[in-house]
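Student: let me see the structure of the following:
(4 chains)
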Number of protein chains: 2
Amino acid sequence: MTEIPHILVVDDHREIRDAVSRYLEKNGLRATAARDAVEMDAKLAAGRFDLIVLDIMMPGEDGLSVCRRLSAAGGPPILMLTALGEETDRIVGLEIGADDYLPKPFNPRELLARIKAILRRTDTTEATPGELAGKRVAFGDWVLDADNRRLTSADGAVETLTTADFRLLTAFLQRPRVVLSRDELLDLTAGRSPHLFDRTIDNQVSRLRRKIEADPSRPKLITTVRGGGYCLSADVRELAG
Amino acid sequence: MTEIPHILVVDDHREIRDAVSRYLEKNGLRATAARDAVEMDAKLAAGRFDLIVLDIMMPGEDGLSVCRRLSAAGGPPILMLTALGEETDRIVGLEIGADDYLPKPFNPRELLARIKAILRRTDTTEATPGELAGKRVAFGDWVLDADNRRLTSADGAVETLTTADFRLLTAFLQRPRVVLSRDELLDLTAGRSPHLFDRTIDNQVSRLRRKIEADPSRPKLITTVRGGGYCLSADVRELAG
DNA sequence: CGCGGTTGTTTCGTTTCGATACCAAGCATA
DNA sequence: TATGCTTGGTATCGAAACGAAACAACCGCG
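Tutor: So this is what the prediction gives:
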């Protein structure tokens, strides 16, 4: 794993959330916090995560439900934080698809150790991000062949994408018509946080536009949202293999 | 690299059976479930198992009897699940030939730990050169015959592989669609660590591509992931030997 | 001993991508 | 409209990654 693993910490107590996030970042991980299931879903939609630390007791949709939902959808691995008690242990571990769990109150070192253990197990560093492996996806006038990273236009033109092009494009394709900030895009494509005055995404967008826009100076597919980021302004449909 | 251990889970409660199986599979094991002694015998006859998780309380032939029978026949090691507090059962179980036991309700992590402990004790890993000795494997347009290290293409073309080609290819075939770093590949093929400016893997990939890619300058099967490594971008299916 | 084939190493040219810089376009305010 | 500030677009450059040719070392084999 060349990239720094990104952990999503979901807990309704601010102190725990912040403390855990800080501890993880101190120990070489990236951490993002969410207060509840709703906020979690938003973060999940916007970014790439390698593991979720999930509190079982939450207002709104509770941890068990969230866990079942995510695990059924094949999301990232989950480490559950459970209240101390005999019965929950069994239910949590067995009936839900958690990868591990930890009874509260816990030792942060142990949390870190378990997180690393799960990351070690589940490190598969996918080649093609998300669900696109082997598929073909149409948007605008283009068809993307995810396997050989090639674009074919309606009029027969062919563009080959570099790795960076491809990652950026797939990030958009998985979230069409959604405004993605530069930070989110950087996370999705390079898995890192921006440093000051980071224009990397601007550059990559510019390069991608040169390949896919009919008139790159008047972009229609990847539109700029001033102060917000970029957005794929086209519908996306999946084609068979 | 050894094979993934295969666990047979025998319990008459469907929820427990399924939950345990899922949990084991999430943690890097293979799991198969059986409802009772009869089904267990059928699975045992059909496949190879490294360990049996056996519930003591079952309709039909009960766990103690099964345990006695299997262990006398020199079957795989057994981990018994006992109801809480039935001390006699545990003792009897161990006397009868179980390798370990766990009282219900149990902590799934503890179950996993005990399973791994037993597997470690009873590890009889033979030095199998990979997992595809004697098998035939299909990927892309090719079929690899592992015995004589020959590739046959869908259109009838035949390529013979050198040992280095073969090792590299099998490394990929065992982890399709996963990005493998140069270090990992070097470890898998040559069993050594890279020294500075080591381009060995690049070369071997280049050579292998010349043999298996339709257009080596536009690789489709073994794709490079800049900054990451290489990846077999094709599905792999095993054919009968 | 020579020979052909295989494999590791070096090297060079190309591609790719991030950083920087500069310019243009938006936006507010007067 | 003029002015100044902010934000986005892209040309350019250099560093790093990559592909492959060329070379050298090695290995078995007759």
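
Student: mind checking the SS state of A:L79?
Tutor: strand (DSSP: H, G, I helix; E, B strand; the rest coil).

Student: ok, it - contacts?
Tutor: A:51-54, A:98-102, A:111, A:114-115, A:118 (CB atoms under 8 Å, 6 or more residues apart in numbering or on different chains). For glycine as for every other residue, the C-beta is placed from the backbone atoms N, C-alpha and C.

Student: all the strands of chain A, residue numbers only.
Tutor: Under the criterion DSSP state E, strands of chain A are mapped to A:6-10, A:30-34, A:51-55, A:78-82, A:100-103, A:136-139, A:142-145, A:150-153, A:158-160, A:179-180, A:222-225, A:229-232, A:236-239.

Student: pairing partners for the fifth one, with directions?
Tutor: Strand pairing for strand A:100-103, determined by DSSP bridges: strand A:78-82 (parallel).

Student: sorry, back to before: nearest to B:R35, of the contacts of A:L79?
Tutor: A:A98 (24.9 Å; CB to CB).

Student: check what pLDDT that closest one gets.
Tutor: With respect to pLDDT, A:A98 scores 79.

Student: rewinding a little: save the strands of chain A as TSV, and put in distance to B:S21 too.
Tutor: Formatted as TSV, these follow (distance: least, CB to CB, whole Å):
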stretch	distance to B:S21
strand A:6-10	27
strand A:30-34	31
strand A:51-55	22
strand A:78-82	18
strand A:100-103	17
strand A:136-139	34
strand A:142-145	37
strand A:150-153	41
strand A:158-160	44
strand A:179-180	39
strand A:222-225	45
strand A:229-232	40
strand A:236-239	31
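
Student: how about the ones you listed in JSON lines, adding distance to DNA strand C?
Tutor: Shown next, in JSON lines, are the strands of chain A (distance: least, CB to the nearest atom of the strand, whole Å):
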{"stretch": "strand A:6-10", "distance to DNA strand C": "16"}
{"stretch": "strand A:30-34", "distance to DNA strand C": "16"}
{"stretch": "strand A:51-55", "distance to DNA strand C": "23"}
{"stretch": "strand A:78-82", "distance to DNA strand C": "29"}
{"stretch": "strand A:100-103", "distance to DNA strand C": "33"}
{"stretch": "strand A:136-139", "distance to DNA strand C": "19"}
{"stretch": "strand A:142-145", "distance to DNA strand C": "16"}
{"stretch": "strand A:150-153", "distance to DNA strand C": "12"}
{"stretch": "strand A:158-160", "distance to DNA strand C": "7"}
{"stretch": "strand A:179-180", "distance to DNA strand C": "14"}
{"stretch": "strand A:222-225", "distance to DNA strand C": "9"}
{"stretch": "strand A:229-232", "distance to DNA strand C": "14"}
{"stretch": "strand A:236-239", "distance to DNA strand C": "22"}
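
Student: excluding chain neighbours, what is closest to the residue nearest the centre of chain A?
Tutor: By CA atoms, centre = their mean, chain A has its centre lying nearest to A:R48, at 1.9 Å. In this structure, A:R48 finds its nearest non-sequential neighbour in A:L188, 5.3 Å apart by CB to CB, 6 or more residues apart in numbering or on different chains.

Student: beta partners of A:V10?
Tutor: Taking DSSP bridges, one obtains A:A34, A:L54 as the residues bridged to A:V10.

Student: what sits up against the longest helix along chain A?
Tutor: Ranked by number of residues, the top helix in chain A under DSSP state H is helix A:108-122. Where contact means CB under 8 Å, 6+ apart, the residues beyond helix A:108-122 that reach it are A:1, A:5, A:7, A:19-20, A:23-24, A:27, A:29, A:50-51, A:53, A:77, A:79, A:99-100, A:102, B:27-28.

Student: how about a cut-off of 10 Å?
Tutor: With CB atoms under 10 Å, 6 or more residues apart in numbering or on different chains as the test, helix A:108-122 has contacts from A:1, A:5, A:7, A:19-20, A:22-24, A:26-29, A:50-51, A:53, A:76-79, A:81, A:98-102, A:106-107, B:26-28, B:109.

Student: circling back to that earlier point, contact partners for the residue nearest to the centre of chain A?
Tutor: So A:R48 contacts A:3, A:6, A:8, A:76, A:129-130, A:171, A:184, A:187-191 (CB under 10 Å, 6+ apart).

Student: how near is it to A:I16?
Tutor: 24 Å (CB to CB, to the nearest Å).

Student: next: A:L64.
Tutor: From A:L64 to A:I16 the distance is 18 Å (CB to CB).

Student: let's have the contacts of A:L79 in TSV, adding neighbour count.
Tutor: Shown next, in TSV, are the contacts of A:L79 (neighbours: other CB atoms under 10 Å in any protein chain shown):
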residue	neighbour count
A:L51	24
A:I52	24
A:V53	24
A:L54	27
A:A98	27
A:D99	21
A:D100	22
A:Y101	24
A:L102	18
A:L111	19
A:R114	19
A:I115	23
A:I118	22
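
Student: which one of the residues you listed sits closest to chain B?
Tutor: Looking at those and their distance to chain B, the nearest is A:D99, at 5.6 Å (CB to the nearest CB).

Student: which residue packs closest to the closest one, ignoring adjacent ones?
Tutor: A:P77 (4.1 Å).

Student: run a quick neighbour tally on the one you found.
Tutor: 20 (other CB atoms under 10 Å in any protein chain shown).

Student: before we move on, what about the one 5 residues further on?
Tutor: A:T82 has 22 neighbours, counted by other CB under 10 Å.

Student: what does chain A have sitting close to DNA strand D?
Tutor: Within chain A, the positions near DNA strand D by CB under 7 Å from any atom of the strand are A:199, A:202-203, A:205-206, A:209-210, A:216-217, A:219, A:224-229.

Student: show me the two of those that sit farthest apart.
Tutor: Across the residues of chain A next to DNA strand D, no pair lies farther apart than A:R210 and A:G227, at 23.7 Å, counting by CB to CB.

Student: between the two, point out the one with more neighbours.
Tutor: A:R210 (12 against 7).
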